[in-house]
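In: Kindly generate the corresponding structure for this input.
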Amino acid sequence: MSDDTLDTFWKLVKDVHTCMMTTRDGNHLRARPMAPLFDETTHEIRFLTQLSSHKTDELASNPDCNLAFANPSKGDYVSVSGQAYLTQDRKLIDLLWKDDFKAWFKNGKDDPDVGVIRVVPAQAEYWDSNGALKQAWEVFKAKHSDTQPDMGENKKLSP
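Out: Have a look, this model is predicted:
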């Protein structure tokens, strides 16, 4: 994968402050909104989590997960599939901690229920359409001609 492609990937996901994390609960898929924290040097996407939550049980049983990022106003979409790892590494919690997280952890970063989910991407795919207005124009043009709409760049990435 080229550096340009990787740079585009990080640019698209870093603009999104909430993504949907999908895990497997037995035979069913479950998704919930999560606040991603990015580490471009390790290529990980991290999340602070309550260790007592259902998602940690689900990830312990099956670490495969998907992260879906959407920025409809810009026409940007990213899907990341990978493996999730749970940790209570105090140094990592200290590094990732933001004061806003006290809303979920009343005892702050020293709360025994604080953990980190580290998602190591196995593959990703992104769609970068250069904005909703351009998308609308492309659909309009295609409806009134014999052409397919140009919905922007679509790339698959894997290590």
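In: Name the residues of the longest strand anywhere in the chain that come out as buried.
Out: Across the chain, the longest stretch assigned as strand under DSSP state E is strand 114-128. If you call a residue buried by 16 or more other CB atoms under 10 Å, then strand 114-128 has these buried ones: V114, G115, V116, I117, R118, V119, P121, A124, Y126, W127, D128. Quick note: C-beta positions are derived from backbone N, CA and C, even for glycine.
In: try stretch 53-71
Out: Residues of stretch 53-71 classed as buried: K55, T56, E58, L59, P63, C65, N66, L67, F69, A70, N71 (neighbour count, 16+ other CB under 10 Å).
In: Wait, a strand at the third one?
Out: Same thing as E58. No - counting by DSSP: H, G, I helix; E, B strand; the rest coil, E58 falls outside a strand, being helix.
In: residues in contact with it?
Out: Neighbouring residues of E58 by CB atoms under 8 Å, 6 or more residues apart in numbering: T23, R24, D25, R30.
In: Could you do T49 as well?
Out: M34, K55, T56, L86, V114, G115, V116, I117 are the contacts of T49 under CB under 8 Å, 6+ apart.
In: how about a cut-off of 6 Å?
Out: G115, I117 (CB atoms under 6 Å, 6 or more residues apart in numbering).
In: in the sheet, who's paired with V119?
Out: Under DSSP bridges, the beta-bridge partners of V119 are I45, A84.
In: Next: R24.
Out: Beta-bridge partners recorded for R24 (DSSP bridges): L29.
In: correct me, but it touches S61?
Out: No - R24 lies out of contact with S61 (CB atoms under 6 Å); the separation is 7.6 Å.
In: how close does the spatially closest residue to W127 that is not a sequence neighbour sit to L6?
Out: Leaving aside its sequence neighbours, W127 sits nearest to Y77 (CB to CB, 6 or more residues apart in numbering; 4.5 Å). Distance, Y77 to L6, using CB to CB, to the nearest Å: 17 Å.
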